[in-house]
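Student: Predicted model, plus sequence, below.
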Protein chains: 2
Amino acid sequence: MCTCYPAHDSRTDLEPRRIFRFYMNSFRAVASTFLSRYIYNIRQVLATRMMQISHANTSWESKAAAKRSSTNAKIPQEWQLSNAELEKAAKQKDLTGSFIEQYLTPDEGFIVAQDANKLAENIRSGEWTAKTVAQAFCKSAAIAHQIDNCLHEIFFDQAISRAEELDAYYKVNGKTIGPLHGVPVSLKDQFHVKGNDTSMGYIGWIGTYQGSTDKKLVHNVDSQIVSELLSLGVVLFCKTSLPQGILITETINNLIGRTMNPYNQNLSAGGSSGGEGALQALRGSPVGLGTDIGGSVRIPAAFNGLFALKPSYGRLSYRDVGNVIPGQTTYRSSIGILGRSIESLYLVLTSVLSTEPWLRDPYVVPLPWRQQLVDTILEEPSVDGAVNPGRPLKLGIFWTDNVVTPHPPITRGLKIVVDAVKRAGHKVVPWDPPEHSTAKRIHASFLKADGRHDIHKQLDLSGEPLIPQTVEKFALTDPISVTEYHNLTLQGIAYETAYSDYWNSTGVDDGQLVDAVIMPAAPHAGVLPGKFFHATYTAAINVLDYSAVVIPVTKANASIDKADPNYMPLNETDEKNWNAYDADIFDGAPVGVQIVARKFEEEKIWAIGKLIYQALLAERNQ
Amino acid sequence: MCTCYPAHDSRTDLEPRRIFRFYMNSFRAVASTFLSRYIYNIRQVLATRMMQISHANTSWESKAAAKRSSTNAKIPQEWQLSNAELEKAAKQKDLTGSFIEQYLTPDEGFIVAQDANKLAENIRSGEWTAKTVAQAFCKSAAIAHQIDNCLHEIFFDQAISRAEELDAYYKVNGKTIGPLHGVPVSLKDQFHVKGNDTSMGYIGWIGTYQGSTDKKLVHNVDSQIVSELLSLGVVLFCKTSLPQGILITETINNLIGRTMNPYNQNLSAGGSSGGEGALQALRGSPVGLGTDIGGSVRIPAAFNGLFALKPSYGRLSYRDVGNVIPGQTTYRSSIGILGRSIESLYLVLTSVLSTEPWLRDPYVVPLPWRQQLVDTILEEPSVDGAVNPGRPLKLGIFWTDNVVTPHPPITRGLKIVVDAVKRAGHKVVPWDPPEHSTAKRIHASFLKADGRHDIHKQLDLSGEPLIPQTVEKFALTDPISVTEYHNLTLQGIAYETAYSDYWNSTGVDDGQLVDAVIMPAAPHAGVLPGKFFHATYTAAINVLDYSAVVIPVTKANASIDKADPNYMPLNETDEKNWNAYDADIFDGAPVGVQIVARKFEEEKIWAIGKLIYQALLAERNQ
């Protein structure tokens, strides 16, 4: 049994060699508290380090150190935690709830506990000013970053100025500038915001525009969706951590180190939108944007007790957003939304679509929000306010992909969902689609088709090495030929088509197609560092480019979620995953599930996500 | 001055060596009538050839000969033309109108002169049976093929049976089975129809399914859109010619030789949907499907006096349609519709979309037909039935791409359109977008990225050689690497984005964006064999994946369309194109223009096409 947690504050491990040693020893780190002795007053170290940098040290280590220092210096003195507080946090398994609330006033605590919709509503009604809300979230984000190392960029000053402008507009005009007026929105550090860096976890991108030093671009670009959000009234205040190269499902890089799971510091926050997940779990933001090419929105949402919506590619604009292997457009990363309520996903998605993103980005499909697709699922609210479905749904249940069996908390989470939707009058049927292992192979082949040249090109900008987790996986090789690439594409098309045909076959018996499928978001609730062996539960959905939501269901519970000691692994990967489970270590980790619909069914899957979440709440209230 | 025409009847050049000699001498062929002496009774030759084949001769030449023979044998004896008639046709410059009508009864002539909408209407009202209509079109198609060599597959028997079934249904139920009940539809020979070959111009595909001999597939597949058409009530009766490998803009292959322009046999029918263009020009079909990855629907439509609509990829299903380099999905070929009226495009497109193709093909975007986008363009028909626009349009005019200057008939055609729309009250502004030469380079790079391996793989199935026109262009080389491919993709994205930004900039001055752009479909009206030097007027639109219509405008007129003898060519390609113009040779060739809107604006571009065509008619009637 293990109840100790690695130290992971960015400020505890500033020396690069120590960062590396930390990575290399990640498992050992989990098993002991020895690292806690490294916690000391970081300000002194930073001062020394900054002096070194001023003496023309331009190594990647020094660039990273300078960036960390400059970011942390943007936290106002009055929000800086003492060494004693940092030490206490490092020893704390669960940083959420009352732990982080202790640093906030009751008013601040009340504000940051609200979802985006309530914030928008209370600002619209004049109950709160945008500035009051922005200040509360800047403070909670500052605390969250200090205790959980989840931010790459801090721009609280911009946020407060913006909030003041919004308040002035409201005062003069007696109305908001848009549906997101005053709502703080956090962004994964792939999105460009004028005046700020976008590192995407690459040291070589610091102070540049995606590696370019073109002055017209550097700190001078808003991603299209960022412009859209600003036009709707949001307040931007920070950008969140992600792994170097964004292609792994934890959050680790050479800039800030590692972001852990605020609910259970034994575990990673997941990735690649891990900083976003951790920040929101700590009430440092009500809603934010991530990206997802293999689960990078859904996994951190599930691991951090959040809601998320991953649309099909082409629903939201990816224009001027940093990306890995951006020329690989066969399987595209989607912009996704993570939020602290199911309604907040709706608010952001419908608001952004109301700006008609397709007029500015030729890769966005001109599909306005189709409310009627929601209404057919969520018709006729009943007298008690509960949502009644317009018709009984038919939902698939995918207990396992038969490659890696989910850990007991996940299987229990799926069962909770299945029981709830059945009791709510919906039909649940087994889901037996074309093998997800085929999708796994296709997905992996595309992401490595360029021989990892793109990633190495970005690393070479600064000379930083690959993080230890990817040294082998991302080693530079020859790219494949275009004929091989085309052949892989055909395999993908065949897979997508077969999957679609399977879906259509579900209506043969009773005339009703499966509406959506309940699936694990990962085979584990959170993940031990270095132990994410199988991201196919989410990645297969990217190969299909389906729409998906994630909803929180329960938490891992050591007293219930016992592993079957007689379990016979299906294969080596399954065995590694199974052996990584320890009921005590995972105890308390959030369990989320993903619910999947077909391409461009964002309206439908959101409505089903809401309906299922309502069903879960109804169960709890019984 | 040249007033003689090459012989091009499939039955005149059956011997492969002669086909080749013919190709190699194509220019000389245009300049003389010497080939007419090769016209002789084909039936005798075929009989001999078939005997040779039965003696286990399996060369590609014999396979092609057997296929030609078997196709021609499907023309009923009573529709077979005599040698004298074939000779007469070979000497005839213009095969359309009264020339082909001479072979039809007045009733047949009347039927085949109608567009798809009138046919559907008269069958729906009970005035005609589906069988009567099918018989008339089978006959006119049979004549068209004999005099203009435009069919790959003939299945009149299937057509008549189908029509009888439709009539029986109508008789029993008193209603049609769908909006296309009884409408004959022709298909470019990329579409699969059960019971028939799809050769796509490859000898090696004869008797197979795209080269596969899997019995579950061979002659056992309907393309998805074929199934959709059948569900709507169409009668399928033939498949039309295309060039080997479909990547050139004429129609020539080792199976049937060459398809010439029925309006002017000096010229090619264009390509790659050239058989479709020629057949419809000869009233052998009211409407049909082609495909377009560089202009292959729009060019033959413009060359043959037809209407066409090329949607963005993802509007119609390409599932189970033969294709070249099918794994190249960065720039995708679109299914397009060619028809003899603007309304027929509407009828087919709206009918097919009503079947919700996205439910069966995961690559179709779930965009139902949006009639409101039509209605905002074509509001309030006035008392005299003319169409009044809902608002004055703003149209761009693209006289030239500054790479290859259009021949005089095209420039005059553009001017006719501009004058007509101006007089109808619309604004016309110059169009000065990002250089189309960039699109040309990107387009060409993608189509040759695989080193032409796909094309050679198909040729190797039978051992047939490349057609002479492509021997150099399609020579086998090494495929490029995926890193180069990704780099090209990024260039394409940058181009598309810059073009979209340019489009958005057109509203800066007056607040009104350009609605659509009037452009050449090609720099010439029809084309001399081997003289298509620049397909970028259409191919650039494929790089952008924009929606486009083609409408007929006028015909080349030797007495008006004089070339400026002092013209100074812009470059070598421009010089070659300019030198290929001879007012007398081109006289009588149809002049069409393309009108282009942005991605997924099929409704809008169809409505604008209709509006402009109405404006042209109004001018003529003045």
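Tutor: Received the coordinates, thanks.
Student: of all the residues in the stretch 201-350 of chain A, which ones are close to chain B?
Tutor: With Cβ under 8 Å from any Cβ of the partner chain as the criterion, the stretch 201-350 of chain A meets chain B at residues A:314, A:319, A:325, A:326, A:327, A:328, A:329, A:330. (C-beta placed from N, C-alpha, C; glycine too.)
Student: May I have the secondary structure class of the second one?
Tutor: When you say that, I think you mean residue A:319. Following DSSP: H, G, I helix; E, B strand; the rest coil, we place residue A:319 in the coil state.
Student: what about it, how many neighbours?
Tutor: Close neighbours of residue A:319, defined as other Cβ atoms under 10 Å in any protein chain shown, add up to 18.
Student: contacting residues around it?
Tutor: A:223, A:224, A:225, A:360, A:361, A:363, B:497 (Cβ atoms under 8 Å, 6 or more residues apart in numbering or on different chains).
Student: Widest-spaced pair of those?
Tutor: A:225 and B:497 (14.5 Å; Cβ to Cβ).
Student: what about these two, which has more around it?
Tutor: Between residue A:225 and residue B:497, residue A:225 has the larger neighbour count (other Cβ under 10 Å), namely 25 against 18.
Student: ok, the more buried one to chain B distance?
Tutor: The spacing between residue A:225 and chain B, counted by Cβ to the nearest Cβ, to the nearest Å, is 15 Å.
Student: With residue A:115 instead?
Tutor: Here the criterion is Cβ to the nearest Cβ. By it, residue A:115 lies 30 Å from chain B.
Student: And residue A:556, by the same measure?
Tutor: To chain B, residue A:556 is 35 Å away according to Cβ to the nearest Cβ.
Student: Sticking with the closest residue to that residue other than its chain neighbours, tell me its helix or strand.
Tutor: Using Cβ to Cβ, 6 or more residues apart in numbering or on different chains and skipping residues adjacent in sequence, the residue nearest residue A:556 is residue A:409, 3.8 Å away. Element membership for residue A:409, per DSSP states H and E: helix A:408-423.
Student: Show me what that helix is packed up against.
Tutor: strand A:394-397, strand A:427-430, strand A:516-520, strand A:547-555, strand A:590-597, helix A:602-620 (3 or more Cβ pairs under 8 Å, 6 or more residues apart in numbering or on different chains; DSSP states H and E).
Student: and of these, who's closest to residue B:619?
Tutor: helix A:602-620 (46.2 Å).
Student: got the angle between that closest one and strand A:547-555?
Tutor: Per axes from the mean of the first three to the mean of the last three Cα atoms, to 10 degrees, the angle that helix A:602-620 makes with strand A:547-555 is 20 degrees.
Student: now the angle from helix A:602-620 to helix A:408-423?
Tutor: With the same axes, to 10 degrees defining the directions, helix A:602-620 sits at 90 degrees from helix A:408-423.
Student: and residue A:491, how many residues sit next to it?
Tutor: By the measure other Cβ under 10 Å, the count of residues near residue A:491 is 15.
Student: Residue B:109 versus residue A:80, what's the distance?
Tutor: Using Cβ to Cβ, to the nearest Å, residue A:80 is found at 91 Å from residue B:109.
Student: Run a quick neighbour tally on residue A:132.
Tutor: By the criterion of other Cβ under 10 Å, residue A:132 has 17 neighbours.
Student: For it, give me the pLDDT.
Tutor: We have a pLDDT of 98 for residue A:132.
Student: do the same with residue A:410
Tutor: On the pLDDT scale, residue A:410 is placed at 98.
Student: For it, give me its contacts.
Tutor: Shown in contact with residue A:410 (Cβ under 8 Å, 6+ apart): A:520, A:522, A:523, A:524, A:525, A:591, A:593.
Student: follow-up on the earlier one: so who does the residue nearest to residue A:556 touch?
Tutor: Residue A:409 neighbours (Cβ under 8 Å, 6+ apart): A:524, A:525, A:554, A:555, A:556, A:557, A:561, A:586, A:589, A:591.
Student: how big is the angle separating the longest helix anywhere in chain A from strand A:590-597?
Tutor: Longest among the helix segments of chain A by residue count, using DSSP state H, is helix A:482-505. Going by the same axes, to 10 degrees, helix A:482-505 is angled at 90 degrees with respect to strand A:590-597.
Student: which residue is nearest the centroid of chain A?
Tutor: Residue closest to the average C-alpha location in chain A (Cα atoms, centre = their mean): residue A:273, at 3.3 Å.
Student: Can you tell me how far that residue is from chain B?
Tutor: From residue A:273 across to chain B, the span is 23 Å (Cβ to the nearest Cβ).
Student: In three-state terms, label the closest residue to that residue other than its chain neighbours for me.
Tutor: Using Cβ to Cβ, 6+ apart and skipping residues adjacent in sequence, the residue nearest residue A:273 is residue A:290, 3.0 Å away. Following three-state DSSP, we place residue A:290 in the strand state.
Student: Report the contact partners of residue A:290.
Tutor: A:188, A:272, A:273, A:276, A:296, A:297, A:300, A:308, A:335, A:336, A:337, A:338 are the contacts of residue A:290 under Cβ under 8 Å, 6+ apart.
Student: ok, back up a step: now the longest helix of chain A: how far from the chain's centre is it?
Tutor: 28 Å (Cα atoms, centre = their mean, to the nearest Å).
Student: If you count neighbours, what's buried in it?
Tutor: If you call a residue buried by 16 or more other Cβ atoms under 10 Å in any protein chain shown, then helix A:482-505 has these buried ones: A:482-489, A:492-493, A:495-497, A:499-500, A:503.
Student: Now for residue A:368, how many residues are close by?
Tutor: Close neighbours of residue A:368, defined as other Cβ under 10 Å, add up to 10.
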